[in-house]
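1. Everything below, folded, please.
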Amino acid sequence: MQKPSHHIFVCGSFRMNGTPQGVCAKAGSMQLMQYLEGELADRGMADVLVSSTGCLKVCDRGPALVVYPENWWYGRIDSEEAIDAVIDSIESGAPADEYVIA
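-> Below you'll find the model as predicted:
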């Protein structure tokens, strides 16, 4: 197995019983995840893995996602423009400051 160069964890607001209940899912994080995967493919970034996660516990700043290995925590990722900024940050190697929450 080849390890990905980056791993993006998108908050799906899933709780222990498996149902999404938090801000991120209600704000469309799973729909934006589809755009994220499509945009990564369009840019030829096949070595970037995207996964949905349980609640990331930053509901007041959601929709949220985390990029590893950089450990960049992003919030208010609620549009295609925000996703593009996250992807641009991976390509450039510098965080998208306007969305960084931690």
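2. what's near enough to touch the residue nearest to residue 83 when sequence neighbours are not counted?
-> Of all residues not flanking residue 83 in the chain, residue 36 sits nearest, at 5.1 Å (CB to CB, 6 or more residues apart in numbering). (Each C-beta comes from the backbone N, C-alpha and C, glycine too.) Going by CB atoms under 8 Å, 6 or more residues apart in numbering, residue 36 touches 8, 10, 50, 83, 86-87.
3. And for residue 63?
-> Residue 63 neighbours (CB under 8 Å, 6+ apart): 10-11, 23-24, 27-29, 32, 75-78.
4. one more time with 10 Å
-> 10-13, 22-33, 56, 74-79, 82-83 (CB atoms under 10 Å, 6 or more residues apart in numbering).
5. Same check on residue 64?
-> So residue 64 contacts 9-11, 13, 22-24, 27, 29, 53, 55-58, 73-77, 99, 101-102 (CB under 10 Å, 6+ apart).
6. So which of the residues you listed are in strands?
-> 9-11, 13, 53, 73-74 (DSSP state E).
7. Any chance of CSV for the residues you listed, columns neighbour count?
-> Output for those, formatted as CSV (neighbours: other CB atoms under 10 Å):
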residue, neighbour count
9, 18
10, 23
11, 31
13, 24
53, 17
73, 18
74, 27
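8. ok, residue 67 to residue 26 distance?
-> According to CB to CB, to the nearest Å, residue 67 stands 22 Å off from residue 26.
9. no, scratch that, I was asking about residue 70
-> For residue 70, the distance to residue 26 - CB to CB - is 27 Å.
10. got it, and residue 72?
-> Distance from residue 72 to residue 26, by CB to CB: 23 Å.
11. May I ask which helix or strand of the protein has the lowest mean pLDDT?
-> The weakest-scoring helix or strand in the chain, judged by mean pLDDT, DSSP states H and E, is helix 23-26 (a mean of 89).
12. Please name every helix or strand in contact with that helix.
-> strand 6-14, helix 29-42, strand 48-54 (3 or more CB pairs under 10 Å, 6 or more residues apart in numbering; DSSP states H and E).
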